[in-house]
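K.L.:
Next comes the sequence, and after it the predicted model I'd like to discuss.
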Amino acid sequence: MESKISRRLKQPLANEVIQYIFLPRLNREFFANFELLNQINLAHLVMLAEQRILDKDTSLWIAEALLKMQQDGPDAVELDPAREEAYFNYEAHLMKLVGHDLGGRLHTARSRNDMGATIDRIRARTFCLRLTAALADVAEAALARAEEFAGYVMPGYTHMQAAQPITYGYYLSALVDAWSRDIERLLHVLDTADGSPLGACALAGTSFPIDRVSTSQMLGFSYPLANSLDSVASRDFALELSATLSIMMITCSRMVQDFYIWSTPEFGYLSFSDSVASTSSIMPQKKNPVVLEYLRGKTSHLIGLTSATFTTVKSTHFSHSGDSSRESTRTCWEGCEEALKALDLMKLLVVEVEPNRDRMMSRAAEDFSTVTDLADLLVRRAGASFRDAHHIIGGIVRDMLDQQLSAGHITCSMINASASQQLGRAISLKEDEVRECMDPVRNVAARRSYGGPAPTSVLASIEVQKARLLKQRQVLETTSKRLSDAENLLKTRVEALVSNRG
C-alpha cells in the first residue's frame, strides 16, 4: 500500500503522524482556508487559460467544477487526513468532479508552498483590516470620553506617587496617542503583506510563461513579490503582526492596571457598571473587576503567542519548511482572534467607566501634587534658583507629613519663612499667589505648554487626534475598496472564461 498522494512514498502515513500532525492541521485549516483556496484556484486557472498554458476546454471544465465546489461549500468535501492537508483534500474532490487527469492539471506552475504563503498574506491582510478598525473604534470612544472629561482634574502619578495634577480627559487623550502608533504599525503590516507570492512555486519559480502580475491583481495584491525564494521563505509580516499585537496589548494592559487601582474603594476615582463586573460565591459585598483581570491575563497570553511565533522561526533555514511556514503562523492567527476579542472589551471599558469628579479633585487638592507650582512661583517671584526652590518646598512638605497634615495646610507665611532662611534674604510671596498655585483647577489650566494638560490644550489636541484617526480610517477604506475591486475583477474574468464556449 502506497501513500495516497505520491508514489515517491511506498508506505502510507503512520497512524501517529495522522493523529498528531495532519488530522489537527486539516481540521484547523480546511474550513478556515476553503474560500481562500477557491479564490487562489480561480485566479490561477484564469491566468493559465489566458496564457494558453491550459487549453480552453480544460480550463472551462475546471472552472465549472471550482464554481460548484465554491457553491457547495467545504462540508461537501470528504476529508481524509491520510491525504495530509487541506489542498490535497480539495484537489481530490476536484478530481472526483472532473476526473483525475483534468483535476491534476490545475496544479500546473505552482506549489503548495506559494499557495500557503499567499493564503497567509491574505489572512494577515484581513486581520490587519479588522484589527485596525477595532482599535480605531477604541480610540474614537476614548476621544469622545476625553472631550467629555477634559476638565475633570485628578492627580497624575509617577512611581505610583502623586506627582502633578492632570485631567482624566488628558489621560485618555494620552492613551489615544499611543494607540495611534499601534494603528500605524498595523497599517505598516498591511503594507508589508501586500505582495503576492503566487507563482513563486516551491522556491524557484517555473519555466511556464505565467503572469504573476495578473494573479496579484485578481487577489487584491498591489504587486508580485520580486524573489521566489523570499516569497515562500518569509513570514516576517506575521512576525511583525504578532509583535504589533503584543505592543498594543501592553498599552491596553497598562490602562487596565490604572483602572484596576483607581476603581478600588481606597482610590475611588472610577466606577464600573454592574454589566462589566462579577461577584463572589461567598462574600455578598463583592463586586469584582472581572473584565480588567481578563484583559491583564490576555495580554500575557498574547505575549506568549508572540514569543512562540518568534521562537518557532528562529533556527529554521531561509526556505520553506513546516515549522517556519505553518507552525509559526498558527500562533499569529490565534493571537489575532484573541486581540479582536480584547479590543471589544477595551471599548466596553472605556465607554462604561465613570470618573468620580469630586473624589479626584479632593485627592488632587490634598496630596501635594500641586506643590511643584509653589517651587515655580519662588523661581518667578523671589528670584530663587529652581534647586533652592525645590529644597524650600520639599522641607515644607516633609514638615506637613510629619504632622500628618494635608497640602491644604500650607500657608504663605510658612513659605516666606522657609525661603528667607534658605536664601538668606527676606521673601514675601502673596497669599493669593500661593492659593492660586495650590488650586488644582488653576494649576492644570496654567499648564498650556505644548503637550500639557490644560483643558483648552487637551480639547485642541483632541481635534488633531480626530483628524489623524480619520486619515487612518481612510487608508482602511481605500484598501477595502481595492480588495472589493479585485474580487469583482476575479469574478468578471471567471465569468468570461466560463461563458467562452466554443
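P.N.:
Yep, that arrived.
K.L.:
From now on I want contacts and neighbour counts done on CA atoms only, so please keep to that.
P.N.:
OK.
K.L.:
what residues are up against Cys408?
P.N.:
Actually, residue 408 is Gly rather than Cys. Contacts of Gly408 were listed using CA atoms under 8 Å, 6 or more residues apart in numbering, and they are Ala365, Glu366, Met438.
K.L.:
any idea of the pLDDT on the second one?
P.N.:
Right, the one you point to is Glu366. pLDDT, Glu366: 90.
K.L.:
Tell me where the stretch 301-450 of the chain has strands.
P.N.:
In the stretch 301-450 of the chain, the strands defined using DSSP state E, counting those that start in this stretch lie at 354-355.
K.L.:
Next, name the residue at the spatial heart of this protein.
P.N.:
By CA atoms, centre = their mean, the mean C-alpha position of the chain lies nearest to Leu245, the distance being 4.2 Å.
K.L.:
give me every residue that touches that one.
P.N.:
By CA under 8 Å, 6+ apart, the contact list for Leu245 reads Leu302, Gly335, Cys336, Ala339.
K.L.:
which among these gets closest to Leu13?
P.N.:
Of all the contacts of Leu245, Leu13 sits closest to Gly335, with 31.1 Å by CA to CA.
K.L.:
I'd like to know how far the closest one sits from Val17.
P.N.:
Per CA to CA, to the nearest Å, Gly335 is found 26 Å from Val17.
K.L.:
Which one of these two is surrounded by more residues?
P.N.:
For Gly335 versus Val17, neighbours defined as other CA atoms under 10 Å are more numerous around Gly335 (24 against 13).
K.L.:
Show the contacting residues for the more buried one.
P.N.:
Taking CA under 8 Å, 6+ apart as the test, what Gly335 contacts is Ser242, Leu245, Leu302, Leu305, Thr306.
K.L.:
and Pro165, that's in a strand?
P.N.:
Yes - when classified by DSSP: H, G, I helix; E, B strand; the rest coil, Pro165 is found to be part of a strand.
K.L.:
thinking again about what came up before, for the contacts of Gly408, which entry has the maximal number of neighbours?
P.N.:
Met438 (24 neighbours).
K.L.:
could you check the distance from that residue over to Asp376?
P.N.:
Met438 is 12 Å from Asp376, by CA to CA.
K.L.:
swap in Leu401?
P.N.:
21 Å.
K.L.:
Please apply the same query to Ser499.
P.N.:
In terms of CA to CA, Ser499 sits 81 Å off from Asp376.
K.L.:
ditto for Val276
P.N.:
43 Å.
K.L.:
And for Leu292?
P.N.:
Distance from Leu292 to Asp376, by CA to CA: 39 Å.
K.L.:
okay, these two: which has more neighbours?
P.N.:
A direct count of neighbours by other CA under 10 Å for Leu292 and Asp376 places Leu292 higher, at 22 against 17.
K.L.:
Can you list the neighbours in contact with the helix or strand the more buried one falls within?
P.N.:
Using DSSP states H and E, Leu292 falls within helix 290-314. With contact meaning CA under 8 Å, 6+ apart, helix 290-314 is reached by 239, 242-243, 245-246, 249-250, 253, 256-257, 259-260, 276-278, 323-324, 327-329, 331-332, 334-335, 338-339, 342, 345.
K.L.:
tell me which residues in that helix are buried?
P.N.:
291-292, 295-296, 298-299, 301-303, 305-310, 312-313 (16 or more other CA atoms under 10 Å).
K.L.:
For the stretch 51-200 of the chain, which segments count as helices?
P.N.:
56-72, 86-98, 100-105, 112-148, 168-192 (DSSP state H, counting those that start in this stretch).
K.L.:
quick one: low-confidence parts of the stretch 401-502 of the chain?
P.N.:
Residue ranges of the stretch 401-502 of the chain with pLDDT under 70: 501-502.
K.L.:
do that again at 80, thanks
P.N.:
500-502 (pLDDT under 80).
K.L.:
for the stretch 1-150 of the chain, same thing?
P.N.:
1-11, 13.
K.L.:
residues contacting Pro284?
P.N.:
Pro284 neighbours (CA under 8 Å, 6+ apart): none.
K.L.:
actually Ile183, sorry about that
P.N.:
For Ile183, the contact set (CA under 8 Å, 6+ apart) comprises Thr132, Leu135, Ala136, Gln472.
K.L.:
could these go into a markdown table alongside distance to Gly395?
P.N.:
Output for the contacts of Ile183, formatted as a markdown table (distance: CA to CA, whole Å):
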| residue | distance to Gly395 |
| --- | --- |
| Thr132 | 50 |
| Leu135 | 46 |
| Ala136 | 47 |
| Gln472 | 50 |
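K.L.:
Domains in the protein, by residue range?
P.N.:
Annotated domains of the chain cover 15-108, 115-152+161-361+460-490, 370-439 [automatic domain parsing].
K.L.:
Distance to Pro453 for these - can I get that in TSV?
P.N.:
Converted to TSV, the domains of the chain look like this (distance: least, CA to CA, whole Å):
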stretch	distance to Pro453
domain 15-108	47
domain 115-152+161-361+460-490	6
domain 370-439	13
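K.L.:
Tell me who's in contact with Glu147.
P.N.:
Gly169, Val458, Leu459, Ile462.
K.L.:
Against Thr158, how distant is it?
P.N.:
24 Å.
K.L.:
for Ser328, same thing?
P.N.:
For Ser328, the distance to Thr158 (CA to CA) stands at 39 Å.
K.L.:
Compare those two (neighbour count), which wins?
P.N.:
Ser328 (23 against 8).
K.L.:
Not including adjacent chain positions, what is the nearest residue to the more buried one?
P.N.:
Leaving out its chain neighbours, the residue that sits closest to Ser328 by CA to CA, 6 or more residues apart in numbering is Thr309, at 4.8 Å.
K.L.:
And the pLDDT at that neighbour?
P.N.:
93.
K.L.:
Could you report the distance from it to Asp399?
P.N.:
Between Thr309 and Asp399 the computed distance is 55 Å (CA to CA).
K.L.:
Tell me the buried residues in stretch 199-213?
P.N.:
By 16+ other CA under 10 Å, the buried positions in stretch 199-213 come out as Gly199, Ala200, Cys201, Ala202, Leu203, Gly205, Thr206, Ile210, Asp211, Arg212, Val213.
K.L.:
Now tell me what touches that stretch from outside.
P.N.:
The contact list for stretch 199-213 (CA under 8 Å, 6+ apart) reads 47-48, 51, 53, 109-115, 198, 223-224, 227-233, 319-320.
K.L.:
Can you list the buried residues in the helix or strand hosting Arg25?
P.N.:
Taking DSSP H and E as the definition, one finds Arg25 inside helix 23-50. By 16+ other CA under 10 Å, the buried positions in helix 23-50 come out as 23, 25-26, 30, 33-34, 36-50.
K.L.:
what does stretch 394-403 give?
P.N.:
Buried residues in stretch 394-403, counted by 16+ other CA under 10 Å: Ile396, Val397, Met400.
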